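Chemist: Please work out how this folds:
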Amino acid sequence: MSEMQGLTANTEPLISRKLHAIGRRLGTPVSGTFELTAGCNFNCEMCYIHQKGTAHRQNDELTASDWLEIGKQATAAGTVFLLLTGGEPLLRPDFAEIYTGLKQMGLMISINTNGSLLTGETATLLEKNPPVRLNVSLYADTPEGYRLQCGADAYERVIENIRRMKNAGVETKLNISFTSRNADRMRQMEALTRELGLHCQVSFYMYPPVRRENGCADTTRLSPAAAGRGRVDWELTHNGSAGAIRSAELLRELTQKECESADAPSEGVRCRAGHTAYWIDHTGQLLMCGMLPKKCGSVLTDGFTACWQNARALMQTIRMPAKCTACGLRSVCCVCPAACYAETGDFETAPPYLCEMSSAIAGRLGKLQKEEKDVRSE
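Modeler: A predicted model of the protein is given here:
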C-alpha cells in the first residue's frame, strides 16, 4: 500500500511484482495478511484496530490450529506471500507455533510489530528462522515521545531490539506514522533512521479508524494541509531538494497527461485488494482489505476459496469516484476504495481530506520548483 505514488520509489522485489502481475491475470490470491490479534501492549490513538484497554483478547480470536488450517487452505489456493500482523502479533503466547507452522508450508512471511517484544525466545526464534522481512513501527525518537504517542515506556527497549535484529542479519524495515504528536520531530526521526541504517516507510495519511470499537475517533490526525506539506518536507529531509524538485517536475508532466483525459470514466480497483491480495481478521473473516470493513465470509465456516471469490466479486463491483479518475493530482494522491469508504461512507464520493492533502502537496512542490528556478536565474 503505497502512500504517495509520485513521491516514493518502489522497493518491492522484482519476483513479487512479477508474481502479482501473473496472479492478477489469473485471479490468484498471491498475498495475504493474517491479523492474529486485535490486542496490543501499546495504546496508539491512530491505530485502525486496537481496542483501548485490551492488552490481549482471547475470547474471539482464532486458535493456533485455526490459523494453520487457514494457512493450508490459502497455500493450496496459491498464496505465496504472507504478512502476520495485529494489534501486536507477538503478544500471542502461541506465536511461535503459528509462525513456525506457516513457514513450514513454504510461505514467505513478513511480520508487523511495534518491536517491544523482540526479546527472549521470540528474538531467538526469528534470529534462527528469520522472516522475509520484519517491519518495526517507530513512533518517536525519545522516551517522552513514545509515552505521548503510544502510552508506553518502550523507546530504549525498541531501539535495542531493532539493533539486535539488524545485527543478527534479520531484514528489518521501519514504519513511521506521523501525527500531531510527532510531526514536529520529523528531522530528528529521519536522523534516527539514518543512524540505524535501515530503510523506512513513512505515512502522513491516517485512515479514519472505522474498525475500532464504538466508532472511536482519532484526534491526533494531521490536518490535510499539514499532512500534505509534511509529506513533501520528508522528501526534502530524506532525499534533499533534488528529489523534491524532480517530484515537482514529474507531477507537472503527469498532470498535463491526465488532464488531457478529463472525460475518463470511473475506474475500478487499481490496488491489489481483491485482485491478488486479501486480509483475514482475528476472528477468521476474510476482507478485501484490512482498512475496509466489508466481510466476505468466515474462512473456517465457508472455506477459503469461497471467501476469496466473494472478495473478488466485491472488488469487481467497486468503482472509484469519476472525479478521482480524471484528477490531475492523482499521481500524488493516496486515494483508494478503502479511503473513500472510510472518509465518506461510500465508494463513489471523492474524499475531501485527500483532495485537500493532494492540493497541499502540489502547492508545496510548485513553490519549491519556483524557488529553485529563482536561484538558478540569479
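Chemist: contacting residues around residue 115?
Modeler: Shown in contact with residue 115 (CB atoms under 8 Å, 6 or more residues apart in numbering): 136-138, 154, 157-158, 161-162. All C-beta atoms are positioned from the backbone trio N, CA, C, and that covers glycine.
Chemist: Out of those residues, the closest to residue 146 would be?
Modeler: Within the contacts of residue 115, proximity to residue 146 (CB to CB) peaks at residue 154, which comes in at 5.3 Å.
Chemist: ok, the closest one to residue 332 distance?
Modeler: 33 Å (CB to CB, to the nearest Å).
Chemist: neighbour-wise, which of those two wins?
Modeler: Comparing residue 154 with residue 332 by other CB atoms under 10 Å, the one with more neighbours is residue 332, at 26 against 21.
Chemist: all strands for the stretch 151-300 of the chain, in order.
Modeler: Counting by DSSP state E, counting those that start in this stretch, one finds strands in the stretch 151-300 of the chain at the ranges 172-177, 200-203, 277-280, 285-287, 295-298.
Chemist: Pick out the shakiest of these, pLDDT-wise.
Modeler: Here those differ in mean pLDDT, and the lowest is strand 200-203 at a mean of 93.
Chemist: to the chain's geometric centre, what's the distance from it?
Modeler: When distances are taken as CA atoms, centre = their mean, to the nearest Å, strand 200-203 is centred 9 Å away from the chain's centroid.
Chemist: which residues are in contact with it?
Modeler: 3, 8, 138, 173-178, 193, 231, 234.
Chemist: Tabulate these (CSV), appending distance to residue 336.
Modeler: Output for the contacts of strand 200-203, formatted as CSV (distance: CB to CB, whole Å):
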residue, distance to residue 336
3, 10
8, 15
138, 24
173, 21
174, 23
175, 18
176, 20
177, 17
178, 19
193, 26
231, 16
234, 20
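Chemist: and these as TSV, adding distance to residue 20 and neighbour count?
Modeler: Below are those laid out as TSV (distance: CB to CB, whole Å; neighbours: other CB atoms under 10 Å):
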residue	distance to residue 20	neighbour count
3	18	16
8	18	17
138	27	25
173	19	16
174	24	20
175	21	16
176	25	21
177	25	19
178	28	26
193	27	17
231	25	28
234	27	24
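Chemist: Quick check: which of the strands of the stretch 151-300 of the chain is buried the most?
Modeler: Comparing these by mean neighbour count (mean count of other CB atoms under 10 Å), strand 277-280 comes out on top with a mean of 25.
Chemist: Tell me the strands beside the strand or helix carrying residue 111, with direction?
Modeler: Element membership for residue 111 (DSSP states H and E) is strand 108-113. Note on strand 108-113: by DSSP bridges, its sheet partners are strand 81-85 (parallel), strand 133-137 (parallel).
Chemist: Tell me how many other residues crowd residue 364.
Modeler: 22.
Chemist: How about the one 3 residues further on?
Modeler: Summarising burial for residue 367: neighbours were counted as other CB under 10 Å, giving 13.
Chemist: now it: how far from residue 237?
Modeler: Using CB to CB, residue 367 is found at 16 Å from residue 237.
Chemist: do the same with residue 187
Modeler: Counting by CB to CB, the gap from residue 187 to residue 237 is 6 Å.
Chemist: tally of neighbours for residue 239?
Modeler: A total of 15 residues lie near residue 239 under the criterion other CB under 10 Å.
Chemist: now the helices for this structure?
Modeler: 14-26, 64-77, 95-104, 120-128, 143-150, 155-167, 186-196, 224-259, 299-302, 304-317, 322-326, 337-344, 352-377 (DSSP state H).
Chemist: Of the ones you listed, which shows the lowest average pLDDT?
Modeler: Ranked by mean pLDDT, the helices of the chain end with helix 224-259 in last place, scoring a mean of 69.
Chemist: measure the spatially closest residue to residue 164 that is not a sequence neighbour to residue 295 for me?
Modeler: Among residues not flanking residue 164 along the chain, residue 123 sits closest, at 6.3 Å (CB to CB, 6 or more residues apart in numbering). Separation of residue 123 from residue 295 (CB to CB): 35 Å.
Chemist: so which of the strands paired with strand 108-113 comes closest to residue 108?
Modeler: strand 81-85 (5.1 Å).
Chemist: Now do the closest one and helix 64-77, the angle between them.
Modeler: Here strand 81-85 points in a direction 160 degrees away from that of helix 64-77 (axes from the mean of the first three to the mean of the last three CA atoms, to 10 degrees).
Chemist: hmm, who's touching strand 81-85?
Modeler: 16, 19, 30-36, 71, 74, 98-99, 102, 107-112, 132, 290.
Chemist: Mark which of those residues are buried, thanks.
Modeler: Buried residues within these, counting neighbours by 16 or more other CB atoms under 10 Å: 19, 30-36, 71, 74, 98-99, 102, 107-112, 132, 290.
Chemist: what number of residues lie near the residue nearest to residue 73 when sequence neighbours are not counted?
Modeler: In this structure, residue 73 finds its nearest non-sequential neighbour in residue 304, 3.7 Å apart by CB to CB, 6+ apart. Counted with other CB under 10 Å, residues neighbouring residue 304 total 25.
Chemist: residues contacting residue 304?
Modeler: Going by CB under 8 Å, 6+ apart, residue 304 touches 70, 73-74, 76-77, 286.
Chemist: Excluding chain neighbours, what is closest to residue 138?
Modeler: Excluding its sequence neighbours, the residue lying closest to residue 138 (CB to CB, 6+ apart) is residue 174, at 4.7 Å.
Chemist: wait, what's in contact with residue 161?
Modeler: Applying CB under 8 Å, 6+ apart to residue 161 gives the contacts 115-116, 118-119, 123, 136.
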